[in-house]
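Engineer: Quick one, fold the following:
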Amino acid sequence: MSEFSGQVAVITGAGSGIGRALALNLARRGAKLALSDVDTAGLAETVAQAEALGAEVKSDRLDVSEREAFELYATAVVAHFGKVNQLYNNAGIAYHGDFEKSEIKDFERIMDVDFWGVVNGTKAFLPHLIASGDGHLINVSSLFGLLSIPGQSAYNSAKFAVRGFTEALRQEMLIAKHPVKVTCVHPGGIKTAIARNATVDASGDQASFAEFFDTKLARTTPEEAAKVIVDGVAKSRARVLIGLDAIMLDAMVRLIGPRYQRVVATVVNRVLPQFDKA
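Structural biologist: Numbering: from 1, shown residues only. From the prediction side, this is the model:
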């Protein structure tokens, strides 16, 4: 039997991409699933696939940026299953745009979902993870939580914040001796719809940005990503890197330090103009 058999796993953003792949991976391992997304059609498809694998599933529409809704959701999940063992704070959105051309609302939207969504989920479920006696919190950051890149100041801000929050929380759990393990996940380019659903600044070409991401950067499938994540959870790893791009660029940052910024700026400057409508 899998070590996940009978455990209750909560996954946000389960309607597609990594979230769906996580749900199906864990379903095969015998986990019970609490799945949520704002995309109810995509969520229903994930539920159907997970149930076909024999999983017990509770599904709900959830906007992770809504703190009170998240708290009510956590109460409902525990009432349904009796416990929660794992929380995968996976839901996220993307935005591409230079800070100079971006509106504050663009920043707020990314932070509300990609950072505050993680905080809201953690706050709502942490007491239940502790009470389970065998809890594990998994927060999805990004390769862009390891290094910054032009045009991604909003996304970088959120994903660096997720990384800092997660690493601090892990230390707090160790000090408090709570039975909760904490993992921060840093995916590189994953073949999901995140770029196609991304927004861009007023001068940007969204279609070109999405095509470039899908054809040049997205090298890892969601299924591969989910396997790496779940294997990392099984091994209680503090940090999980997904994809050769994440591994290599993380190594570059460690090797050359702040000088990476000039390298990245030079490379991106050769690519970025194709997203400009002007």
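
Engineer: Helices of this structure, residue ranges please.
Structural biologist: 17-28, 40-52, 67-81, 104-110, 116-132, 153-176, 206-212, 222-234, 244-256, 260-271 (DSSP state H).

Engineer: Pull the residues that contact the last one.
Structural biologist: Meaning helix 260-271. Residues from elsewhere that reach helix 260-271, judged by CB atoms under 8 Å, 6 or more residues apart in numbering: 147, 148, 149, 150, 151, 212, 252, 253, 256. In this view, the C-beta of every residue, glycine as well, is placed from N, C-alpha and C.

Engineer: JSON lines for the residues you listed, including pLDDT and neighbour count?
Structural biologist: Formatted as JSON lines, the contacts of helix 260-271 follow (pLDDT from 0 to 100; neighbours: other CB atoms under 10 Å):
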{"residue": "147", "pLDDT": "96", "neighbour count": "20"}
{"residue": "148", "pLDDT": "95", "neighbour count": "18"}
{"residue": "149", "pLDDT": "92", "neighbour count": "18"}
{"residue": "150", "pLDDT": "91", "neighbour count": "17"}
{"residue": "151", "pLDDT": "90", "neighbour count": "22"}
{"residue": "212", "pLDDT": "46", "neighbour count": "18"}
{"residue": "252", "pLDDT": "96", "neighbour count": "16"}
{"residue": "253", "pLDDT": "96", "neighbour count": "17"}
{"residue": "256", "pLDDT": "96", "neighbour count": "12"}
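
Engineer: With respect to burial, which of the helices of the chain scores highest?
Structural biologist: Highest mean neighbour count among these (mean count of other CB atoms under 10 Å): helix 17-28, with a mean of 26.

Engineer: can you give me how far that one is from the chain middle?
Structural biologist: 13 Å (CA atoms, centre = their mean, to the nearest Å).

Engineer: Let me know the angle separating that helix from helix 40-52.
Structural biologist: Angle between the axes of helix 17-28 and helix 40-52 is 20 degrees (criterion: axes from the mean of the first three to the mean of the last three CA atoms, to 10 degrees).

Engineer: Can you spell out which helices and strands pack onto helix 17-28?
Structural biologist: strand 8-11, strand 32-37, helix 40-52, helix 222-234 (3 or more CB pairs under 8 Å, 6 or more residues apart in numbering; DSSP states H and E).

Engineer: Recalculate using a threshold of 6 Å.
Structural biologist: Applying 3 or more CB pairs under 6 Å, 6 or more residues apart in numbering; DSSP states H and E, we find helix 17-28 packed against strand 8-11, helix 40-52, helix 222-234.

Engineer: Next, format these as CSV and append mean pLDDT and distance to residue 81.
Structural biologist: Formatted as CSV, those follow (pLDDT from 0 to 100; distance: least, CB to CB, whole Å):
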stretch, mean pLDDT, distance to residue 81
strand 8-11, 98, 5
helix 40-52, 98, 14
helix 222-234, 97, 18
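
Engineer: Same list (those) but as CSV, adding distance to residue 21.
Structural biologist: CSV is the format used below for the helices and strands packed on helix 17-28 (distance: least, CB to CB, whole Å):
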stretch, distance to residue 21
strand 8-11, 10
helix 40-52, 9
helix 222-234, 4
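
Engineer: gap between residue 119 and residue 57?
Structural biologist: Between residue 119 and residue 57 the computed distance is 26 Å (CB to CB, to the nearest Å).

Engineer: no, scratch that, I was asking about residue 224
Structural biologist: From residue 224 to residue 57 the distance is 23 Å (CB to CB).

Engineer: Next: residue 38.
Structural biologist: For residue 38 relative to residue 57 (CB to CB), the value is 18 Å.

Engineer: what do you get for residue 188?
Structural biologist: For residue 188, the distance to residue 57 - CB to CB - is 29 Å.

Engineer: what angle sits between the longest strand that the chain contains and helix 244-256?
Structural biologist: Counting by DSSP state E, the longest strand found in the chain is strand 180-187. Angle of strand 180-187 versus helix 244-256, following the same axes, to 10 degrees, is 100 degrees.

Engineer: Alright, I will stop here.
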